[in-house]
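S.K.: The following comprises the amino acid sequence and a computationally predicted model.
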Amino acid sequence: LITDTISSKSIILNLLAIGLLLEADNAVAVLFLSNHYDVMMDDAVREVDGGASGAARKTFFWTRVQGLLCTVILVGAMSHIEQFVTNCNMLKYFLMQLIVFPALAIFVGQFLYSVICARRNGATVGEKIIGALIEYNRNILALLM
């Protein structure tokens, strides 16, 4: 993906490769999983409530926004990689920046949202700040590992 030029041919071939992997995954599931798992998943889908709550809709929306942000960053980085990486040693730093800076932006955004906007059953400002700091530090630790 990195060395190929962005063209409709490479995009279609990559989509076909992904489709092949997904179909292989489905075939393996059919071969190795019994009918019990299929019935169990059908039951789980039938029991899902059709109307999602407001909180679930907001969570779903923000998950999509973060996914879109990651996609835009990845496509932008791959289209401009030749400008930033001139030798192999710089590739390591470029990839680290590509991972760390967007993750930090998301973590800081979640922190600010938790402190300013989130409602936690009448929690005091201090409790909201401590909870947001704990979540922020947990995310930073996960990023460093």
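M.R.: All right, it came through fine. Numbers count the residues shown, from 1 in each chain.

S.K.: For the residue nearest in space to the middle of the chain, pull up the helix or strand it's in.
M.R.: By Cα atoms, centre = their mean, the mean C-alpha position of the chain lies nearest to residue 67, the distance being 4.9 Å. Residue 67 is part of helix 54-79 when elements are defined by DSSP states H and E.

S.K.: which element follows that helix toward the C-terminus?
M.R.: Later in the chain than helix 54-79, the nearest helix or strand by DSSP H and E is helix 81-84.

S.K.: packing partners for that following helix?
M.R.: Other helices and strands packing on helix 81-84, by 3 or more Cβ pairs under 8 Å, 6 or more residues apart in numbering; DSSP states H and E, are helix 88-116. Every residue, glycine included, has its C-beta placed from N, CA and C.

S.K.: which secondary structure elements does the very next helix or strand once past the helix it packs on contact?
M.R.: Next helix or strand after helix 88-116 toward the C-terminus (DSSP H and E): helix 125-144. The criterion is 3+ Cβ pairs under 8 Å, 6+ apart, and the helices and strands that helix 125-144 contacts are helix 88-116.

S.K.: List the buried residues in the helix it packs on.
M.R.: By 16 or more other Cβ atoms under 10 Å, the buried positions in helix 88-116 come out as 98, 102, 106-107, 110-111, 114-115.

S.K.: Could you look up the SS state of residue 86?
M.R.: Counting by DSSP: H, G, I helix; E, B strand; the rest coil, the backbone at residue 86 sits in coil.

S.K.: measure it to residue 93 for me?
M.R.: Counting by Cβ to Cβ, to the nearest Å, the separation of residue 86 from residue 93 is 11 Å.
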